[in-house]
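**Student:** Pasted the sequence and its predicted model underneath.
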Amino acid sequence: MTSPKKQIKALFAEAQTHHQARRLSEAEELYIKILRLEPTHADALHLLGTTLAQSGRPEQAVEFLRRAIELKPRNAPYHVNLGVILQDLGKYDQAKAAYQHAIDADGSFTEGYYNLAKLYKQMELPDA
């Protein structure tokens, strides 16, 4: 019999494979299955959020990314992905805050700076 931890690890690997191949509905189902087994699996919450955004459900995506960030507040990629979705939704102040959180969490994570600069350009702010 497989331990729950091994089962979750196998499901997560399978979900990532589907996600990377853009089989989003299959990935979504597996991330949800993982979260039923372990509701605090931050990476599954994060990637379910990105899957939902890629599937055209950005409002739902924000909810899952925020839950992932609650569990791992110092994870810069989570903040950047949240910022991208918020920016796409036109929520520029919230996107700016998300990018700033990414930079604060990991100053060497260049995507935070890059996306913040893109946001400033989109907002036509000269102080990038």
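**Tutor:** Everything's here; your move. Numbers count the residues shown, from 1 in each chain.
**Student:** quick one: the helices in the protein?
**Tutor:** 4-20, 24-37, 42-54, 58-71, 76-88, 92-105, 110-123 (DSSP state H).
**Student:** got CSV for the ones you listed, with mean pLDDT and mean neighbour count too?
**Tutor:** Every C-beta, even on glycine, is put in place using the N, C-alpha and C of the backbone. Shown next, in CSV, are the helices of the chain (pLDDT from 0 to 100; neighbours: other C-beta atoms under 10 Å):
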stretch, mean pLDDT, mean neighbour count
helix 4-20, 97, 15
helix 24-37, 98, 18
helix 42-54, 99, 23
helix 58-71, 99, 19
helix 76-88, 98, 23
helix 92-105, 98, 19
helix 110-123, 94, 16
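**Student:** The chain - how does it break down into domains?
**Tutor:** Domain assignment for the chain by automatic domain parsing gives 1-64, 73-128.
**Student:** residue contacts, the residue sitting nearest the centre point of the chain?
**Tutor:** Central residue of the chain (C-alpha atoms, centre = their mean): His46, 4.0 Å from the mean position. His46 makes contacts with Phe64, Leu65, Ala68, Asn75, Pro77, Tyr78, Asn81, as judged by C-beta atoms under 8 Å, 6 or more residues apart in numbering.
**Student:** cutoff 7 Å now
**Tutor:** Going by C-beta atoms under 7 Å, 6 or more residues apart in numbering, His46 touches Leu65, Ala68, Tyr78, Asn81.
**Student:** Test my guess that the first one contacts Gly83.
**Tutor:** No - in this structure, Leu65 sits apart from Gly83 without contact. The criterion is C-beta atoms under 7 Å, and the distance is 9.4 Å.
**Student:** circling back to that earlier point, what is the most widely separated pair among the contacts of His46?
**Tutor:** Ala68 and Asn81 (9.0 Å; C-beta to C-beta).
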